[in-house]
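# no sequence for this one, just the structure:
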């Protein structure tokens with residue numbers, strides 16, 4: 001079993017990550033002439049099949065309009081399809097496994113507790129309780145390029161000294177150390193955050209109000225706004241008028257609540273884009289929309305969801321991602337190549353006029369050449385990794401996807417022809433399966449993640465299950 005100390009020295013080792021990440025930062029310099037404003041809209045648990053522009057039954061007119069004015073990445077993956085790890089990868093451009101964040105943060109973390117264990121994890125792997133000290137985020141990167149940076153909403157990467165204001169953001173709004181609200185109708189939680197919200201205020205609306213106010217107040221300077229929604233994570237509570245409208249269309253119970261939550265999220269996107277337009281900034285503002293992982297529900301045509309044991313199937317790992325930048329990105333464009341949420345960091349650096357080479361060891365690759373239709377994504381494979389269950393890793397290479405299990409067996413799918421992952425070809429495409437399995441083993445070894453024989457399988461542990469959903 002890997003102890004926290006061994007995990008620190010091996011999995012996080014990069015020549016002393018904890019002591020050295022901040023020292024890799026480039027010098028401060030101003031924003032490049034004509035550099036755009038940046039708005040990141042990051043949903044929670046919104047599945048790839050739950051946005052209308054993917055041709056699904058869900059009504060998301062504002063997201064659809066945003067997609068029409070930019071580029072849709074139809075094969076975007078969360079490097080670790082789980083709440084906290086996915087956030088860590090998006091923010092830092094590094095693989096969450098490299099940072100030591102391989103699971104979501106527990107609800108209660110004792111002060112000074114750097115790692116936690118997960119009894120159902122067959123690997124017995126400790127997971128870090130937040131970003132490591134000194135980790136650089138895209139907030140740091142854009143601060144150094146002259147941007148005013150703000151983080152709004154769900155962080156879930158630690159509290160206190162691990163809050164966003166200590167990781168590259170000048171200000172934070174609506175942020176707690178919690179993974180979800182107690183209710184989407186005020187009062188949202190017992191924390192002092194948003195205690196001024198009148199009873200019954202809807203949380204997504206309050207987040208949107210704050211974001212709109214930020215855009216108006218900062219229209220005269222270059223800014224980065226990261227709005228990380230709490231929606232559509234549990235509890236499934238929609239705004240009452242939207243719930244009533246959903247029921248009038250024949251939906252009931254949980255389906256009506258979820259439809260209402262999604263409508264509020266979509267309305268928020270519309271209001272924020274309108275605020276950028278009102279400020280006269282739309283042409284040269286980059287708007288990125290994405291989700292941290294797949295849906296709570298399994299939604300055809302994809303298999304799996306965020307549920308334990310299925311999260312590395314497409315329904316859990318493939319996420320919505322679109323980028324709209326009217327001044328530079330062709331409206332209605334589309335990228336069908338596999339990309340990762342870790343690609344957002346280097347993309348923002350290049351967009352803002354910085355040098356990606358100043359940030360060593362990134363997992364992500366800049367998507368700017370793709371956005372400007374000047375070249376392909378500069379990578380061969382994407383590795384997905386989490387540590388809860390028997391199903392723990394995947395490798396995506398072109399149309400192929402290998403899924404690895406702690407008990408030693410593999411699955412192989414041709415996801416362009418078999419998006420529902422129904423036809424396991426591991427026994428027929430042996431060469432491809434072996435190549436991808438070898439790549440995964442080499443990658444794990446490079447991070448010190450290769451487990452020694454005898455990794456524990458707890459009594460009562462059942463393969464492909466293993467704990468509650470996140």
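On my side now, so go ahead. As the structure is a computational prediction, the values presented were derived from the model and not from experiment.
# residue boundaries of the helices in this structure?
For the chain, helices defined by DSSP state H occupy the ranges 4-11, 17-20, 61-68, 83-92, 96-99, 138-143, 203-217, 240-248, 253-278, 314-317, 344-351, 368-371, 430-446.
# Among those helices, which comes closest to residue 224?
Shortest distance between residue 224 and the helices of the chain, using C-beta to C-beta, is found for helix 138-143: 4.7 Å. C-beta: built from backbone N, CA, C; applies to glycine.
# re earlier: got the helices of the chain as TSV, with mean pLDDT columns?
Output for the helices of the chain, formatted as TSV (pLDDT from 0 to 100):
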stretch	mean pLDDT
helix 4-11	39
helix 17-20	41
helix 61-68	98
helix 83-92	98
helix 96-99	96
helix 138-143	98
helix 203-217	98
helix 240-248	98
helix 253-278	98
helix 314-317	98
helix 344-351	98
helix 368-371	98
helix 430-446	95
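# for the ones you listed, which one sits closest to residue 230?
The nearest among these, by C-beta to C-beta, is helix 203-217 at 5.8 Å.
# For the closest one, enumerate the helices and strands it packs against.
strand 148-153, strand 223-228, helix 253-278 (3 or more C-beta pairs under 8 Å, 6 or more residues apart in numbering; DSSP states H and E).
# As CSV, the ones you listed with distance to residue 40 and mean neighbour count would be great.
Converted to CSV, the helices and strands packed on helix 203-217 look like this (distance: least, C-beta to C-beta, whole Å; neighbours: other C-beta atoms under 10 Å):
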stretch, distance to residue 40, mean neighbour count
strand 148-153, 9, 24
strand 223-228, 4, 25
helix 253-278, 11, 20
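# and of these, who's closest to residue 446?
Among these, the nearest to residue 446 by C-beta to C-beta is strand 223-228 (29.8 Å).
# packing partners for the closest one?
By 3+ C-beta pairs under 8 Å, 6+ apart, strand 223-228 packs against strand 37-43, helix 138-143, strand 148-153, helix 203-217.
# repeat that for 7 Å
For strand 223-228, the packing partners by 3 or more C-beta pairs under 7 Å, 6 or more residues apart in numbering; DSSP states H and E come out as strand 37-43, strand 148-153, helix 203-217.
# how about these, which one is nearest residue 340?
Of all the helices and strands packed on strand 223-228, strand 37-43 comes closest under C-beta to C-beta, at 14.5 Å.
# so which of the helices and strands packed on helix 203-217 gets nearest residue 336?
Here helix 253-278 is closest among the helices and strands packed on helix 203-217 (C-beta to C-beta), at 23.4 Å.
# Now do the contacts for residue 284.
By C-beta atoms under 7 Å, 6 or more residues apart in numbering, the residues touching residue 284 are 36, 37, 327.
# and with 6 Å instead?
Contacts here follow C-beta atoms under 6 Å, 6 or more residues apart in numbering; on that basis residue 284 touches 36, 327.
# Equivalent analysis for residue 182, please.
Each residue near residue 182 by C-beta under 6 Å, 6+ apart is listed here: residue 189.
# hmm, back to that, wait, which of the helices and strands packed on strand 223-228 is closest to residue 270?
helix 203-217 (9.4 Å).
# gap between that closest one and the chain center?
Computed by C-alpha atoms, centre = their mean, to the nearest Å, the chain-centroid distance of helix 203-217 equals 21 Å.
# Give me the contact list for it.
Counting by C-beta under 6 Å, 6+ apart, 150, 152-153, 173-174, 181, 184, 188, 197, 225, 227, 230-231, 264-265, 268, 271-272, 275-276, 279 sit against helix 203-217.
# now the angle from it to strand 223-228?
When axes from the mean of the first three to the mean of the last three C-alpha atoms, to 10 degrees is applied, the directions of helix 203-217 and strand 223-228 differ by 180 degrees.
# and the residue nearest in space to the middle of the chain, what are its phi and psi?
Computing the C-alpha centroid of the chain and ranking residues by C-alpha atoms, centre = their mean puts residue 292 first, at 3.1 Å. Backbone geometry at residue 292, expressed as degrees, to the nearest 10, gives phi -80, psi -30.
# Show the contacting residues for it.
If you count contacts by C-beta under 6 Å, 6+ apart, residue 292 has them with 44, 83, 86.
# What subset of those residues is buried?
Among those, those classed as buried by 16 or more other C-beta atoms under 10 Å are 44, 83, 86.
# ok, the closest residue in space to the first one that isn't next to it in sequence to residue 192 distance?
Pointing back at residue 44 there. Among residues not flanking residue 44 along the chain, residue 233 sits closest, at 4.2 Å (C-beta to C-beta, 6 or more residues apart in numbering). Separation of residue 233 from residue 192 (C-beta to C-beta, to the nearest Å): 21 Å.
# Kindly report the same for residue 421.
45 Å.
# Please say which of the two ends up with more neighbours.
Remark: of residue 421 and residue 192, residue 421 carries more neighbours, 21 against 8, as counted by other C-beta atoms under 10 Å.
# Tell me, what's the model's pLDDT at the more buried one?
On pLDDT, residue 421 comes in at 98.
# That one contacts residue 313, doesn't it?
Yes: counting by C-beta atoms under 6 Å, residue 421 does reach residue 313; the two are 5.5 Å apart.
# Report the set of residues contacting both of the two.
Common neighbours of residue 421 and residue 313 (criterion: C-beta under 6 Å, 6+ apart): residue 303.
# Show me the shaky parts of this protein.
For the chain, the stretches with pLDDT under 70 are 1-33, 450-470.
# before we move on, the earlier item: just send the helices and strands packed on helix 203-217 back as a markdown table, with distance to residue 203 too.
Shown next, in a markdown table, are the helices and strands packed on helix 203-217 (distance: least, C-beta to C-beta, whole Å):
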| stretch | distance to residue 203 |
| --- | --- |
| strand 148-153 | 9 |
| strand 223-228 | 12 |
| helix 253-278 | 9 |
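# closest one to residue 201 among those?
That would be, of the helices and strands packed on helix 203-217 and by C-beta to C-beta, helix 253-278, which comes in at 11.8 Å.
# Please name the nearest non-neighbouring residue to residue 99.
For residue 99, ignoring the flanking residues on the chain, the nearest one in space by C-beta to C-beta, 6+ apart is residue 88 at 5.3 Å.
# who's in contact with that neighbour?
Applying C-beta under 6 Å, 6+ apart to residue 88 gives the contacts 96, 99, 101, 131.
# can we see that at 10 Å?
79-80, 82, 94-102, 128, 130-132, 135, 137, 156-157, 342 (C-beta atoms under 10 Å, 6 or more residues apart in numbering).
# can you give me phi and psi for the nearest residue to residue 81 once chain neighbours are set aside?
Nearest non-adjacent residue to residue 81, counting by C-beta to C-beta, 6+ apart: residue 293, 4.0 Å away. Main-chain dihedrals, residue 293, degrees, to the nearest 10: phi -170, psi -180.
# ok, residue 293 to residue 314 distance?
Plainly put, residue 293 is 12 Å away from residue 314 if you go by C-beta to C-beta.
# Between these two, tell me which one has more neighbours.
A side-by-side neighbour count of residue 293 and residue 314, using other C-beta under 10 Å, places residue 293 first with 31 against 27.
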